[in-house]
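Q: Need a 3D model of the sequence below.
(one chain, ligands or ions: 1)
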Amino acid sequence: MITHHPAEELLAAYAAGSLDEATSLAMATHLTLCPACRAVHDDFEALGGVLVCENAADTLKPDALAATLGMIRAAGSGVADSGVADSGVATVMRPQPSTVATAGSSLLPLPLQYYVGGDLAAAKWRPLGPGIHHMPLIADGAASARLLRIAPGRSVFEHSHEGNEITIVLRGSYSAGGENFRRGDLEMADGTVSHRPVAGSEDICVCLAVTDAPLRFGNFLGRVMQPFIGI
Ligand SMILES: [Zn+2]
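A: Okay, the predicted model is just below:
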């Protein structure tokens, strides 16, 4: 049961193809695991197709988004069946990785397997700290994506953020800020959030972590390690 989801603005930006590669990977990963957000994303994609087809983006009324989404939802699957959602324009707008699939029996969603080179057993871990390993996946300027593996009960260094951080749980769980995050849950953190995620004691915790700017570590060891680990 997924209880933490991305903001609708992020789903809309993903549908419009305007996110960087690392953030797109986070969205593709969450959508693979979350049917509720897939439905919202499909609405936005259909909406994008409608706007492109009608060339109406410059003349929108303030309530156009809600009104058009209402029309799409009222039409049920009719919009998708009409081919609007799968028009050539919408396909070009779709970011890479674009795979929105169900997770099946794999631990890693398909978009992640493309970067890892297989399911979780194929991951090549590097030590990051006591009980913590990572596998960098994308380093694109300030933006980065990595898998994190945290031993049961261990914690990541306390840190805050220069930019945005998205964390998605793939295995096990972690707690941060009084909340619990499980498989498929997505946590968003920005410069206002300082947290120290602690892995659940029942299993190792594996997460996808995406940042668009360096983290700010609250302790000396974290700051000393930062240049070596590239976070
Ligand atoms: Zn969701």
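Q: Run through the residues that contact residue 210.
A: Going by CB atoms under 8 Å, 6 or more residues apart in numbering, residue 210 touches 22-23, 25-26, 143-145, 165-167. The way it works is simple: take the backbone N, C-alpha and C, and place the C-beta from them, glycine included.
Q: redo that, cut-off 7 Å
A: Residue 210 is in contact with 22-23, 25-26, 145, 166, counting by CB atoms under 7 Å, 6 or more residues apart in numbering.
Q: so it bridges to which residues?
A: residue 145, residue 166 (DSSP bridges).
Q: gap between it and residue 43?
A: Separation of residue 210 from residue 43 (CB to CB, to the nearest Å) stands at 24 Å.
Q: cool, residue 27 as well?
A: Separation of residue 27 from residue 43 (CB to CB) stands at 15 Å.
Q: of these two, who's got more company?
A: residue 27 (26 against 22; other CB atoms under 10 Å).
Q: Wondering if the host helix or strand of the more buried one reaches the ion at all.
A: Assigning secondary structure by DSSP states H and E places residue 27 in helix 21-33. No. Using CB under 5 Å from the ion, helix 21-33 never reaches the ion; the gap is at least 5.6 Å.
Q: Tell me which other helices or strands the helix or strand following that helix touches.
A: Using DSSP H and E, the next helix or strand after helix 21-33 towards the C-terminus is helix 35-54. Counting contacts by 3 or more CB pairs under 7 Å, 6 or more residues apart in numbering; DSSP states H and E, helix 35-54 packs against helix 8-15, helix 21-33, helix 64-74, helix 88-93.
Q: What mean pLDDT does the second one get?
A: Predicted confidence along helix 21-33 averages 94 (mean pLDDT).
Q: tilt between that helix and helix 8-15?
A: 100 degrees (axes from the mean of the first three to the mean of the last three CA atoms, to 10 degrees).
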